[in-house]
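In: Need the 3D shape of this:
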Amino acid sequence: MSDRAVNVRLLGPGDAALVLSASHLFDAAPLPDQTAAMLESERDFLWFAFAQGHPVGFASATMVLHPDQRPVLFLNEIAVDDAARRRRFGTMLMQAATDLARSRGWASTWVLASSDDETAKAFYRSLSPATAVPSVMFEWEEK
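Out: Below you'll find the model as predicted:
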């Protein structure tokens with residue numbers, strides 16, 4: 001596959017239809033109002049990876065502010081189509097996110113992985129330099 005056939009692009013307000021048409025990449029169908037709000041946000045980011053012009057993966061991230069430190073970029077999720085896995089799309093998406101954080105002078109980029117998700121943990125460990133920090137996450141779901 002040529003380099004011209006593969007690319008990663010940060011999406012913006014004009015890309016809502018593209019996101020909505022790529023529901024196969026998400027856990028559930030994207031919601032039009034949430035999609036529009038995210039694409040218009042100055043603190044939320046959505047990248048798509050493309051192969052031959054078709055979306056094959058995405059990364060979403062949020063810039064997090066703290067009163068006592070520089071902003072950080074929290075990576076919400078990276079997903080790559082099963083058929084496109086192990087072809088560097090995840091790495092390209094992660095690189096796009098870290099490049100954005102670095103270009104804006106943010107302190108770090110970080111992500112959480114489920115303790116039982118060996119695939120995700122292996123992927124994140126393969127990226128250099130990355131540090132695994134033991135953590136516990138608590139979640140409150142609204143019913």
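In: Now the phi/psi pair for the residue nearest the centre of the chain, please.
Out: Compute the mean C-alpha point of the chain, and by Cα atoms, centre = their mean the closest residue is residue 59, 1.9 Å away. Dihedral pair for residue 59: phi -130, psi 140, per degrees, to the nearest 10.
In: Bridging across strands, which residues link to it?
Out: Residue 59 forms beta bridges with residue 47, residue 78, as assigned by DSSP bridges.
In: how far away is it from residue 77?
Out: Look at residue 59 and residue 77: by Cβ to Cβ, to the nearest Å, they are 7 Å apart. (Glycine included, C-beta is placed from N, CA and C.)
In: could you pull out the helices for this structure?
Out: For the chain, the helices defined by DSSP state H occupy 16-21, 32-40, 89-103, 118-126.
In: Quickly compare those and say which is most buried.
Out: With neighbours taken as mean count of other Cβ atoms under 10 Å, the helices of the chain reach their highest mean count in helix 89-103, at a mean of 18.
In: now it against helix 118-126, angle please.
Out: Angle between the axes of helix 89-103 and helix 118-126 is 50 degrees (criterion: axes from the mean of the first three to the mean of the last three Cα atoms, to 10 degrees).
In: That'll do, ta.
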